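> sequence below, structure please.
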Amino acid sequence: MKSMERENERGQDFTRRAFIIGTIQSGILAVLGGRLAWLQIAQGKRYRTMAENNRINIKMLAPSRGQIVDRFGTLLATNEQNFRVIIVPEQTGDIAAALSSLQKLIPLSQRDIQRVIRQAEKSAPFVPLEVRDDLNWEEVASIEVNLPDLPGLSIDEGEIRHYPLGESTAHLVGYAGAVNKAELTENDPLLSLPGFTIGKTGVEKAYDRVLRGVAGTAEMEINVVGREVRELDRNLAQPGKRLMLTIDSGLQQYMQGRLAKEKSATAVIMDVRTGAVYALASHPSFDPNLFTHGISVEQWEKLLANPGLPLNNKAAGGQYPPGSTFKMVTALAALEEKIITRNTTFHCPGHYEFSEERFHCWKRGGHGWMDVSGALMQSCDTFFYNIATQIGIDTLTRYAKRLGLGERLGFELEEERPGLMPTKAWKMGQFSKPWQPGETIIASIGQGYMLTTPLQLATMTARLVNGGLAVKPWMTGFVGDQAGKDGSWEPLGFKKKNIDLIIRGMNSVVTSKKGTAHGSSMEDKKFQMGGKTGTAQVRRISKADRLEGVMNEDLPWKFRHHALFVGYAPISNPRYACCVVVEHGVGGSLAAAPIARDLLLMAQQRDPASSPLNMEGRTASRFPNPPSRKPATASRKR
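Numbering: from 1, shown residues only. Next comes the predicted model:
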């Protein structure tokens, strides 16, 4: 009986234990089932995405950089097919040996070899590395034939930026180059692509964003170690927009060649009505293709050592005293402020006395009696000395800025600089000294603290001869299909009779036998130009120099005066304004005026203002391909 009771008790204990264990197991299974359901149903999409991301890599595809063309469709910047040789380190047993074998087939410096070896040490072994680009067809063929003996090496095809006109457009188009560390801070994933280039100077830099285009993508299947297995999908990149400039490439090349006869010079030609810039050049120049293909240390040092500063855009960024080209500003200010009239005259004995100081005219014997037109025609300094202190420096600067001098004009190139038109407050703030009347006297002929750029001087000339409209220079005709400037300008409010009087004096600078630029008069009178010569002192002429009769042309080149000329043509109906600066050229009439004559003659013969890109009427007939067009031949008076 007792044994049966014990058996029953054991059975009951077993049943309880089995129930407890079963309950625990059921609970565990329920938790696991719930967790599995949570992962598969509620969180399934998230983990599926994570798994897909581990399997698929999104690879960016670099877009083609947009073309830059002139107003006739001639290519100024384009992309060329670029073959390069690459190496995959894991596919070659010995990188140094493989590169040494390659060196027997194509030119390859030890510097390139060491660069690739260093990159291989820092990169994954399956990442392809560029060994050399810009291979010619013979080099490509030689490598392809020998590929069985070059493990890990292969040919890759891409694009490289090319500038067909080279030095002629270097300062205006600029160049594109590799991205540096400072530029990588910009929030654009394109910049991290190997070999990607961005605009460094000129139009390439000013419109870099629209020229870059939009990156494409390729979905690549990769294995667990990150190696690409196959391409799954591809979205093509969108090429950058095409820029059409107002530049006439034929006139631009002619300008560059004409300036090349000087040691250092610059010039600009613009439309007096619309502001469109037709040519803008500096000499010496440089070949922008050097920077896309990789400039050597020797070439870079040569550019830096050149006293003519070939890397500087002198037309937009060179700052020079305007010299006598500023006299139109002084004359206009005096006429507008009623300090003088058309009949006002002053006697020029060759100097001007003021407060125990003597200010010399450039003509030692003097010019005699001069009115305002005659003073402009013969560039009489004394006439302007007489009216300077009555105008005052602040008023003089105010008129100068209304004519476009002493501040940035909003030109597209970042190389543009503001120049300087001083005031009393400026000098006090800069030097903690008051302005002196004598400083106004020398400012009246464009000397002293005054600085201008050739682009500003061309703008000043355009504003005078277009009837007093506040035209500004620009050169972007179209960005893609979007037009640039609208070509409408507000009047500056000058009296027509005063502007006409100044233009009469500027006309006679060339047309009159007494004019300072009569030697540059054109044979064909329908092309005749007007203008103003200028000579800007680089080194002050001392009393000792005057007594000893030291000639400026006898001084070392860097101490000679700058030669300037501002002009326009044709006289009968001005359309083109020009400024020429010959650094250390001694005199405007001898060095700068002949260049301006040749440039304005060529501009009129080519007549870019009547080209398919008509910026005045705001219409455009666009050429998809460069047209066949021969430049006109300029006849010059010697």
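> separation between the most centrally placed residue in the chain and residue 397?
Geometric centre of the chain, nearest residue: residue 202, 1.5 Å, by C-alpha atoms, centre = their mean. Noted for residue 202: a distance of 30 Å to residue 397, by C-beta to C-beta, to the nearest Å. Backbone N, C-alpha and C define where each C-beta goes, glycine included.
> same question for residue 369.
In this structure, residue 369 and residue 397 are 29 Å apart, going by C-beta to C-beta.
> what of residue 94?
To residue 397, residue 94 is 71 Å away according to C-beta to C-beta.
> of the two, who's got more company?
A count of neighbours by other C-beta atoms under 10 Å puts residue 397 above the other of residue 94 and residue 397, at 23 against 12.
> I'd like the mean pLDDT over the helix or strand where that one lies, please.
Applying DSSP states H and E as the criterion places residue 397 in helix 393-402. Averaged over helix 393-402, pLDDT sits at 98.
> who does it touch, helix- and strand-wise?
For helix 393-402, the packing partners by 3 or more C-beta pairs under 8 Å, 6 or more residues apart in numbering; DSSP states H and E come out as helix 327-336, helix 437-443.
> how about a cut-off of 6 Å?
With contacts taken as 3 or more C-beta pairs under 6 Å, 6 or more residues apart in numbering; DSSP states H and E, helix 393-402 sits against helix 327-336.
> any idea of the angle the helix it packs on forms with helix 393-402?
Orientation note: helix 327-336 sits at an angle of 110 degrees relative to helix 393-402 (axes from the mean of the first three to the mean of the last three C-alpha atoms, to 10 degrees).
> the helix or strand following helix 327-336 pairs with which strands, parallel or anti?
Remark: after helix 327-336, the chain's next helix or strand is strand 346-348, criterion DSSP H and E. Strand pairing for strand 346-348, determined by DSSP bridges: strand 368-370 (antiparallel).
> quick check: residue 93 vs residue 125, distance?
Distance check for residue 93 against residue 125: by C-beta to C-beta, it reads 12 Å.
> wait, residue 233
27 Å.
> which stretches of the stretch 151-300 of the chain form strands?
With DSSP state E, counting those that start in this stretch, the ranges of strands along the stretch 151-300 of the chain come out as 153-162, 176-178, 197-199, 216-222, 228-235, 243-245, 265-271, 277-283.
> among those, which is nearest residue 324?
strand 265-271 (17.8 Å; C-beta to C-beta).
> how about the strands in the stretch 451-600 of the chain?
Under DSSP E, counting those that start in this stretch, the stretch 451-600 of the chain gives strands at 476-479, 482-483, 530-536, 562-569, 576-582.
> need the winner for burial among these.
strand 576-582 (a mean of 32; mean count of other C-beta atoms under 10 Å).
> contacts for that one?
Residues from elsewhere that reach strand 576-582, judged by C-beta atoms under 6 Å, 6 or more residues apart in numbering: 262, 265-270, 272, 320, 454, 457-458, 461-462, 563-569, 591-592, 595-596, 599-600, 603.
> distance between that strand and the chain's centre?
Its chain's average C-alpha position is 19 Å from that of strand 576-582, according to C-alpha atoms, centre = their mean, to the nearest Å.
> name the strands paired with it and say parallel or antiparallel.
According to DSSP bridges, strand 576-582 forms sheet pairs with strand 265-271 (antiparallel), strand 562-569 (antiparallel).
> average pLDDT across it?
98.
> then stretch 340-349?
The average pLDDT within stretch 340-349 is 96.
> can you give me the offset of that stretch from its chain's centre?
Taking C-alpha atoms, centre = their mean, the mean C-alpha location of stretch 340-349 is offset from the chain mean by 44 Å.
> could you list the low-pLDDT ranges of the stretch 351-500 of the chain?
Within the stretch 351-500 of the chain, the segments meeting pLDDT under 70 span 486-487.
> got JSON lines for the strands of the stretch 451-600 of the chain, with distance to residue 257 too?
Shown next, in JSON lines, are the strands of the stretch 451-600 of the chain (distance: least, C-beta to C-beta, whole Å):
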{"stretch": "strand 476-479", "distance to residue 257": "24"}
{"stretch": "strand 482-483", "distance to residue 257": "31"}
{"stretch": "strand 530-536", "distance to residue 257": "21"}
{"stretch": "strand 562-569", "distance to residue 257": "18"}
{"stretch": "strand 576-582", "distance to residue 257": "14"}
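> distance to residue 290 and mean pLDDT for the strands paired with strand 576-582 - can I get that in CSV?
Putting the strands paired with strand 576-582 into CSV (distance: least, C-beta to C-beta, whole Å; pLDDT from 0 to 100) gives the following:
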stretch, distance to residue 290, mean pLDDT
strand 265-271, 21, 97
strand 562-569, 29, 96
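> export those strands to a markdown table and tack on distance to residue 149?
Converted to a markdown table, the strands paired with strand 576-582 look like this (distance: least, C-beta to C-beta, whole Å):
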| stretch | distance to residue 149 |
| --- | --- |
| strand 265-271 | 54 |
| strand 562-569 | 62 |
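> out of the ones you listed, flag the one nearest residue 360.
Closest approach to residue 360 among the strands paired with strand 576-582 (C-beta to C-beta): strand 562-569, 18.4 Å.
> off-centre distance for that closest one?
In terms of C-alpha atoms, centre = their mean, the centre of strand 562-569 is set 23 Å apart from its chain centre.
> cool, stretch 574-583 as well?
Stretch 574-583 has its average C-alpha position 20 Å from the chain's average C-alpha position, going by C-alpha atoms, centre = their mean.
> was I right about residue 203 contacting residue 173?
Yes: at 5.2 Å, residue 203 and residue 173 qualify as touching, with contact defined as C-beta atoms under 6 Å.
> more neighbours, residue 233 and residue 125?
A count of neighbours by other C-beta under 10 Å puts residue 125 above the other of residue 233 and residue 125, at 13 against 10.
> would you agree the more buried one falls within a helix?
No: the assignment for residue 125, made by DSSP: H, G, I helix; E, B strand; the rest coil, is coil rather than a helix.
> how about it: what's its closest non-neighbour residue?
Closest residue to residue 125 apart from its sequence neighbours, by C-beta to C-beta, 6 or more residues apart in numbering: residue 90 at 3.7 Å.
> what's the one you found sitting at in phi/psi?
Main-chain torsions, residue 90, degrees, to the nearest 10: phi -70, psi -20.
> any idea how many residues pack against it?
Residue 90: 12 surrounding residues under other C-beta under 10 Å.
> and the pLDDT at it?
Note for residue 90: predicted pLDDT of 79.
> isn't it right up against residue 120?
No: using C-beta under 6 Å, residue 90 is not in contact with residue 120; the gap is 9.6 Å.
> so where's the stretch 101-250 of the chain uncertain?
For the stretch 101-250 of the chain, the stretches with pLDDT under 70 are 123-124, 126-127, 192, 194-195, 222-229, 231.
> so where do the helices sit in it?
Ranges of helices within the stretch 101-250 of the chain are 110-122, 137-145, 170-173, 202-206, 208-212, 249-259, based on DSSP state H, counting those that start in this stretch.
> contact partners of the longest one?
In this structure, residues lying in contact with helix 110-122 by C-beta under 6 Å, 6+ apart are 89, 95, 99, 129, 131.
> from residue 262, how far out is the fourth one?
Which is residue 129. Applying C-beta to C-beta, the value for residue 129 to residue 262 is 46 Å.
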